[in-house]
Structure formats: structure tokens, C-alpha cells
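J.: Turn this into a model:
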Amino acid sequence: MTLTHWLPFFTICLLGAMSPGPSLAIVARHALAGNRLNGLAAAWAHACGIAFYAFITMSGLAIILRQHPTLFQAISYAGAIYLAYLGFRALRSQNGLAAKLESGQQTSVLQSAREGALISLLNPKIALFFIALFSQFVALGHEITGRIIIVATPAVVDGLWYSLVTLLLSSAHVVDRIRSKAVMVDRLSGIVLILLAVRVLFVI
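T.: Numbers count the residues shown, from 1 in each chain. Okay, the predicted model is just below:
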């Protein structure tokens, strides 16, 4: 893959990572309610999910997914249910941002990584992104180095972007300002996650 081909590919990956959605909400909540390590764990576990989708697209499994709409619907429904679950949990503020900032309770790094990975793997928009946009670059990866670049680029871009989000949100100054509005953040993130779940159901 030449630099001329890689730059537009990189740009699409960066824009995809920067687009707001449930992934941003989850990484932000772990960075705020836990600490910098929690946010980084969620960020890079999410990036592993991105790498998984990139790999199956490269291996041709995306074609199978596209030819079997029932399988895609099952993934979509699972993703919508998980988004709704996270949203309702945030609305109830049980183990949410407000409770953890108030009590000083720490979320385990493993839990942060698990939620980061699941929000990536169960998000049908990511699968659709790779099938519709990413797959057009697969033909450029004839050699093994090209294939590695195609799989690694979106994962690294995603991990670095959410790492930057984590570093910004996990600073003491930001946490102190948000602490007084923690309940509102919980409610807002819960509503956003539920609306995203409903939107997923309507676009299936």
C-alpha cells in the first residue's frame, strides 16, 4: 500500500474514530469514574474490537456477514440490548459515574476493558462501517505487509484517539469540575445510550 492510498484510508479511520457514539460515552465514563488506567484499558480493549472487525473484513468474512442478513440482525439486536442495558444502568446511577465519584469507589481495570471490548464488538455501526467503507481498500492489501497495515491502522488510530480522550478527561482539573455535575452526566449518558439503542433497532 502506497502513501497515496494510505492517507485517505487513514483519514476515513480517523473520522470514524472521532464520530460521537456509544464508544465515546463508555470510554469517557470509565476515564471519569475510574482513573487514567481504567480509561486506557477501555480505549485499547475497544481498539482490539476494531482490529477484530478489520481482520474479518480482510479475511473475507464480511462478505458472508453481508450475505446472511439474519446473522447481522442478531448482532444488531445484541448490540441494541447491550446499549439499552448500559443506558438504564446509568439512569439508575447504580455503580455509575455519580456514585463512584461520590464514594471514591474504583472500577476494576478488567471491568473497564470488558465494557470497552463489548461496546466495540456489539456495535453494528462498526460492522457496517467496515463492510461499506473499509472493504473498498481491501483490494490494495495483496501482500502480507499491506494486509497488516490495513488491519493495524484503524485499531491504532482508534486506540490513540480514545487514549487522548482519556488523558483529557482523567486530569484532576476536569474531574473536579465534573464532580458537582456527576448525576447530570449519568442521566445524560444514559439517555444517549438508550436513544442509540432505539436508533439501532430502527435502522436494522
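J.: who are the neighbours in contact with the residue most central in space within the chain?
T.: Central residue of the chain (C-alpha atoms, centre = their mean): Ser23, 3.3 Å from the mean position. Applying C-beta atoms under 8 Å, 6 or more residues apart in numbering, one finds that Ser23 lies in contact with 46, 116, 119-120, 123, 162. Where C-beta positions appear, they are placed from N, C-alpha and C, glycine not excepted.
J.: Repeat that for Arg36.
T.: Under the criterion of C-beta under 8 Å, 6+ apart, the contact list for Arg36 reads 166-167, 170.
J.: Could you do Cys48 as well?
T.: Neighbouring residues of Cys48 by C-beta under 8 Å, 6+ apart: 117, 120, 155.
J.: What is the burial count for the first one?
T.: In other words, Ala117. The number of residues packed around Ala117, counting by other C-beta atoms under 10 Å, is 19.
J.: mind checking how far it is from Ser171?
T.: 25 Å (C-beta to C-beta, to the nearest Å).
J.: Same question for the second one.
T.: Taking C-beta to C-beta as the measure, Ser120 falls 25 Å from Ser171.
J.: quick one on the thing from earlier: would you mind giving the secondary structure of the residue nearest to the centre of the chain?
T.: helix (DSSP: H, G, I helix; E, B strand; the rest coil).
J.: thought Ala127 was touching Phe52?
T.: No. Applying C-beta atoms under 8 Å, one finds Ala127 not in contact with Phe52, separated by 10.1 Å.
J.: Neighbour count for these two, which is higher?
T.: Ala127 (21 against 17).
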